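Undergrad: generate a structure from the sequence data that follows.
(chains A and B)
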There are 2 protein chains.
Amino acid sequence: MINDLIVTPLDIISTLNGDVLHGMKNNSKGFVSFGEVYFSEIKPKTVKAWKRHRKMTLNLVVPIGEIKFVMFDDRETSDVNFHEVIISRENYCRLTIPPMIWVGFEGLSRNNSIVLNIASIPHDPGEVDRKNLDEIDFNWEI
Amino acid sequence: MINDLIVTPLDIISTLNGDVLHGMKNNSKGFVSFGEVYFSEIKPKTVKAWKRHRKMTLNLVVPIGEIKFVMFDDRETSDVNFHEVIISRENYCRLTIPPMIWVGFEGLSRNNSIVLNIASIPHDPGEVDRKNLDEIDFNWEI
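TA: Residues are numbered from 1 along each chain as shown, chains lettered A, B, ... in the order given. Model (predicted):
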């Protein structure tokens, strides 16, 4: 596993008129601080990649659809370079991504998928690095 | 309007492979503190009602579907008793509900709707009051 990457299983509570899905508490594993929450939607068979946050810790939850996240770690401290996680209701988890990890994600379900990011700092374009899809060698099998 | 209830329009940013939907920042109007985020799903033509939080401020966002929220205010300070808000992507807003307001909500879309609550404190059953649907006289038109 990439150092400091955390995958935390979360509860889904069934109730008569609709489920309740846990996200994150202020004492949860992986919580650093509260900067912002926002959603990012991903269309089927499309990829959003690559992005690296220099300061933000991401905490990602997928309440709708199914998303493959691919992390690429080119830090010198790293034991492995790539890690893949598929998250959906069937594997309902929170994915904590520390700063300085490259991330990309792909929509796997037939309809749009949606990810909630509970971000440790508010959006700041100055702390984001980007690379084109083909600048990191990964076979997305799209 | 019920005192201290806030409806804040939010941005949806279109991008090629899927929209980005704003939620809340740590300096947003209505932000008190970060306790917990969780989702609550609501099935079509069903109602979850009534609930009142004694301590929690709710901040509600609807990324999927369409939900009618009904607030009932029986505080002595109140000018009006009922307020209705319908939230969806078409009217993409954050609804801030202060403590001591009764809340119910109904799923209006054909499929399940989902609401994100950015709650000022973590879940605590001891600060929640409940009433049955018929204990507050409101015509849900289900």
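Undergrad: beta partners for the closest residue to A:G65 other than its chain neighbours?
TA: The shortest distance from A:G65 to any residue that is not its chain neighbour, by C-beta to C-beta, 6 or more residues apart in numbering or on different chains, is 2.6 Å, and that residue is A:S113. Backbone N, C-alpha and C define where each C-beta goes, glycine included. On the basis of DSSP bridges, A:S113 takes part in beta bridges with A:I42.
Undergrad: report the contact partners of the residue of chain A most remote from its centre.
TA: When each C-alpha in chain A is compared with the mean C-alpha position (C-alpha atoms, centre = their mean), A:L16 comes out farthest, at 29.6 Å. If you count contacts by C-beta atoms under 8 Å, 6 or more residues apart in numbering or on different chains, A:L16 has them with B:T46.
Undergrad: go again using 6 Å as the cut-off
TA: Contact analysis of A:L16 by C-beta atoms under 6 Å, 6 or more residues apart in numbering or on different chains lists nothing.
Undergrad: and it, what's its pLDDT?
TA: Confidence at A:L16, expressed as pLDDT, is 93.
Undergrad: with A:S109 instead?
TA: The per-residue pLDDT reported for A:S109 equals 97.
Undergrad: that one against A:I67, yeah?
TA: No - the pair A:S109 and A:I67 does not pass the contact test of C-beta atoms under 6 Å, sitting 8.1 Å apart.
Undergrad: which one's more surrounded, these two?
TA: Neighbours per residue (other C-beta atoms under 10 Å in any protein chain shown) separate A:S109 from A:I67, with A:I67 holding more: 23 against 15.
Undergrad: that one pairs with what?
TA: According to DSSP bridges, A:I87, A:G107 are recorded as the beta-bridge partners of A:I67.
Undergrad: that one reaches A:I114, doesn't it?
TA: No - under the criterion of C-beta under 6 Å, A:I67 is not in contact with A:I114, lying 8.5 Å apart.
Undergrad: mind listing what A:T77 touches?
TA: Going by C-beta under 6 Å, 6+ apart, A:T77 touches A:N3.
Undergrad: that one: which element?
TA: Per DSSP states H and E, A:T77 falls between elements, in no helix or strand.
Undergrad: what's the span of stretch A:43-54 from first residue to last?
TA: For stretch A:43-54, the separation between the terminal residues is 26 Å (C-alpha to C-alpha, to the nearest Å).
Undergrad: which stretches in chain A count as strands?
TA: With DSSP state E as the definition, chain A shows strands at residue ranges A:6-9, A:12-13, A:20-25, A:36-42, A:47-53, A:58-64, A:66-72, A:82-88, A:93-97, A:102-107, A:113-119, A:128-130.
Undergrad: tell me if the shortest one is near chain B.
TA: No - Strand A:12-13 stays out of contact with chain B when judged by C-beta under 6 Å from any C-beta of the partner chain, the minimum separation being 9.1 Å.
Undergrad: ok, the first one next?
TA: No - no part of strand A:6-9 sits near chain B under the criterion C-beta under 6 Å from any C-beta; the closest distance found is 13.7 Å.
Undergrad: same thing with the last one?
TA: No - interface with chain B: strand A:128-130 contributes nothing (C-beta under 6 Å from any C-beta), its closest point being 12.8 Å away.
Undergrad: dump the residue contacts of the residue minimising distance to the centre of chain A.
TA: With distances taken as C-alpha atoms, centre = their mean, chain A has A:L60 as the residue nearest its mean C-alpha position (4.2 Å). Residues counted as contacts of A:L60 (C-beta under 6 Å, 6+ apart) are A:L95, A:V115, A:N117.
Undergrad: need those in a markdown table with neighbour count, distance to A:F72 and pLDDT, can you?
TA: Shown next, in a markdown table, are the contacts of A:L60 (neighbours: other C-beta atoms under 10 Å in any protein chain shown; distance: C-beta to C-beta, whole Å; pLDDT from 0 to 100):
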| residue | neighbour count | distance to A:F72 | pLDDT |
| --- | --- | --- | --- |
| A:L95 | 24 | 14 | 98 |
| A:V115 | 24 | 18 | 98 |
| A:N117 | 21 | 18 | 98 |
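Undergrad: distance to chain B added to the residues you listed, as JSON lines?
TA: Output for the contacts of A:L60, formatted as JSON lines (distance: C-beta to the nearest C-beta, whole Å):
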{"residue": "A:L95", "distance to chain B": "15"}
{"residue": "A:V115", "distance to chain B": "9"}
{"residue": "A:N117", "distance to chain B": "9"}
